[in-house]
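Undergrad: Dropping the sequence and predicted coords here.
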Amino acid sequence: MKGLFFLLLFMQLLAAPVAVYKQWIPNTNFENASNWDKDRLPCANDMVLFKSNEVISVFVQSSHSLTDMYLPLNGEFIMAPGAGFAAFDGSWDPGCDTGSDITFIDAEKYKWHDPALWHAATSLADLEQGNYIFTVDEERVPCRYDDVIFQPETSFRVNIDSSERMIHLRSISIMGQKFTSDAALAEYMQSSSAKLQFHGNGTFQVTNARCPDKSGCDCGNAGEHRQICAALLGDSGTRCPALVCKGPLQLVGHCCEICGATISLEYTPGFDITQYRNRILHDFLSLPKYAGVQMAISKVHKPQSVLGIVPRGSVPVIQIVLIDDKTESQTGTNAELLAEDIMRDIAEHGDSFGIVSGTVQVATGRYSSGQGDTTAGGTIAGTIIGLLLGLLLVGTMLFLYRKGMIRLPSGHLAGLWNRKEDQDAVAGPSDKGFDNPIFDPPTNRAESHGACSGVEALKGMTSKDSGIYFVNPLYDEMEIIV
């Protein structure tokens, strides 16, 4: 009975929405060598320089002996227990025989919306152990249901400029203090430390809420896509890596194209993204042959269009992204194999997971991207759209010919069509249809073209002997030869 209880508890934990923790990477600590222009820490004989106009918060972890130090006019130094500065007493300092000027690097360059400045994990333990998850670029930046962490005993400065102005989060932890309510966070943001740590026009809103939809929630950063990619790639957008695969894939929410595979799932209200993620992790990614494959799975809003041309909004889908560590001609091949396994599994078991259909696209170093479809019932959509387009084209041609706007070239087809006109004329008037009220009101040919027949009227309209000739009804006296 006890074992059953723990099994049920384990299954409930698997079914619960997965928490995502996003940790800020850069810091402005005094002991961080990358914060100094010499790429090393100041030593006793150095002249330590902070720019006078620099706005900065600096955490100091230990004690330092210095010859001289110029401080910023607007800044703070946060001292850990036992940390501090002392005047250099002239004693020998190994590796610091001759001093030099050493300058603290400007921290204004660090931007909240830069995906490269965040780590993501599904637990605090994974975050501490460096077990980070792979996501598309929009989701590398904190999403609206994420917990954000600025590491304890670190100082930082971050630009929170936002085109949306409001940055939605579940919680945010700063210097070891976790904020889960707007009131407490707003009070902290008025402090002198917060004004040194954050700058820009953005405002935080924390909800302390998890995603309420078991099929997943979109990240909420789509409105910041341009800003995210500009921060990651630079304003010129020329930093995407060169790819060896043919026909690389463009993902929803990602800045650069990739080699590998992507699967797009349509789902029912019963779909559970956590349950399905665990199935892929346990049944596929745990296999030795897929050791080098990374997966990202999330709900995104995929743009839709009519005939691939006219935009018509977007629909929510589950996007699965697969990349691998293969190189050269083998790039993406393991991701392709995993995608094939997943698609076969969907065809067999998709119904039980609430999956309606799946579409896969692949780009490897061996060949161009391909696309395939499958549904939970095993059916494939066919050629209905093509047939409808063909009927629409034929109907349009017939209407334009009947209205006298086009003339077919001489030949068998024109002859057949003309003979049909002659038969109609011999047979006399009959009620074979109706006039479309959207176009011209009912008229007879005598009123339109005098005493000439329809064919004769067309001959009189132009002296051209070949080609399909029509008068554009939107423009008077405009002649076009097709």
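TA: Looks like it came in fine.
Undergrad: shouldn't S63 be in contact with M79?
TA: No - with contact defined as CB atoms under 8 Å, S63 does not count as touching M79 (9.3 Å). Every C-beta, even on glycine, is put in place using the N, C-alpha and C of the backbone.
Undergrad: Who has more neighbours out of these two?
TA: A side-by-side neighbour count of S63 and M79, using other CB atoms under 10 Å, places M79 first with 15 against 12.
Undergrad: what about V48, neighbour count?
TA: Counted by other CB under 10 Å, the residues lying close to V48 total 21.
Undergrad: What of Q205?
TA: 12.
Undergrad: Number the residues from 45 up from this point.
TA: Yep, numbering from 45; the last one is Q249 now.
Undergrad: Just the element for it, please.
TA: Applying DSSP states H and E as the criterion places Q249 in strand 247-250.
Undergrad: ok, now E380?
TA: Taking DSSP H and E as the criterion, E380 maps to helix 377-397.
Undergrad: low-confidence ranges in the stretch 195-344 of the chain?
TA: Applying pLDDT under 70 to the stretch 195-344 of the chain flags residues 279-282.
Undergrad: Walking through it, point out its helices one by one.
TA: For the stretch 195-344 of the chain, applying DSSP state H, counting those that start in this stretch gives helices covering 226-233, 236-241, 269-277, 317-324.
Undergrad: Which residue ranges make up the domains of this protein?
TA: For the chain, the structural domains run 63-283, 284-425, 448-525, going by automatic domain parsing.
Undergrad: So what are the sheet partners of the strand holding Q249 and their directions?
TA: As defined by DSSP bridges, the strand partners of strand 247-250 come to strand 210-213 (parallel).
Undergrad: what comes into contact with the partner strand?
TA: For strand 210-213, contacts defined as CB atoms under 8 Å, 6 or more residues apart in numbering pick out 156, 186, 188, 190-192, 204, 246-251, 264.
Undergrad: List buried members of the residues you listed by neighbour count.
TA: If you count burial by 16 or more other CB atoms under 10 Å, the buried members of the contacts of strand 210-213 come out as W156, P186, R188, D190, D191, V192, I204, G246, T247, F248, V250, G264.
Undergrad: could the residues you listed be laid out in a markdown table, adding distance to A127?
TA: Converted to a markdown table, the buried ones among the contacts of strand 210-213 look like this (distance: CB to CB, whole Å):
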| residue | distance to A127 |
| --- | --- |
| W156 | 28 |
| P186 | 30 |
| R188 | 37 |
| D190 | 32 |
| D191 | 29 |
| V192 | 26 |
| I204 | 28 |
| G246 | 31 |
| T247 | 33 |
| F248 | 29 |
| V250 | 31 |
| G264 | 39 |
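Undergrad: what's near enough to touch the nearest residue to D133 once chain neighbours are set aside?
TA: The shortest distance from D133 to any non-neighbouring residue, by CB to CB, 6 or more residues apart in numbering, is to S109 (7.0 Å). Each residue near S109 by CB under 8 Å, 6+ apart is listed here: A88, F129, A130, A131, F132, D133, D137.
Undergrad: S109 and G174, how far apart?
TA: 34 Å (CB to CB, to the nearest Å).
Undergrad: What of T403?
TA: Distance from T403 to G174, counting by CB to CB: 34 Å.
Undergrad: now do G297
TA: Applying CB to CB, the value for G297 to G174 is 24 Å.
Undergrad: who's more crowded, the two?
TA: Taking other CB under 10 Å, G297 and G174 do not tie; G297 has more neighbours (22 against 8).
Undergrad: just checking, that one touches V344?
TA: Yes - counting by CB under 8 Å, G297 touches V344, with 5.6 Å between them.
Undergrad: Wait, S401 touches F315, no?
TA: No - with contact defined as CB under 8 Å, S401 does not count as touching F315 (11.9 Å).
Undergrad: Mind listing the shared neighbours of these two?
TA: Both S401 and F315 are contacted by L309, under the criterion CB under 8 Å, 6+ apart.
Undergrad: The residue nearest to D133 sits in which helix or strand?
TA: Going by DSSP H and E, S109 is part of strand 107-110.
Undergrad: strand partners of that strand, parallel vs antiparallel please.
TA: strand 128-131 (parallel).
Undergrad: Now do the helices in the stretch 45-194 of the chain.
TA: Applying DSSP H, counting those that start in this stretch to the stretch 45-194 of the chain gives helices spanning 46-59, 168-173, 181-184.
Undergrad: which of those has the lowest average pLDDT?
TA: Note on those: lowest mean pLDDT is at helix 46-59, with a mean of 41.
Undergrad: can I get the CA coordinates of the strand holding Q249 in CSV?
TA: Extracted as CSV, the C-alpha positions of strand 247-250 are listed here (Å, rounded to 0.1, in the frame of the first residue of the first chain):
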residue,chain,number,x,y,z
THR,A,247,8.6,47.2,-15.4
PHE,A,248,8.3,43.8,-13.6
GLN,A,249,5.0,42.1,-12.8
VAL,A,250,5.1,38.9,-10.7
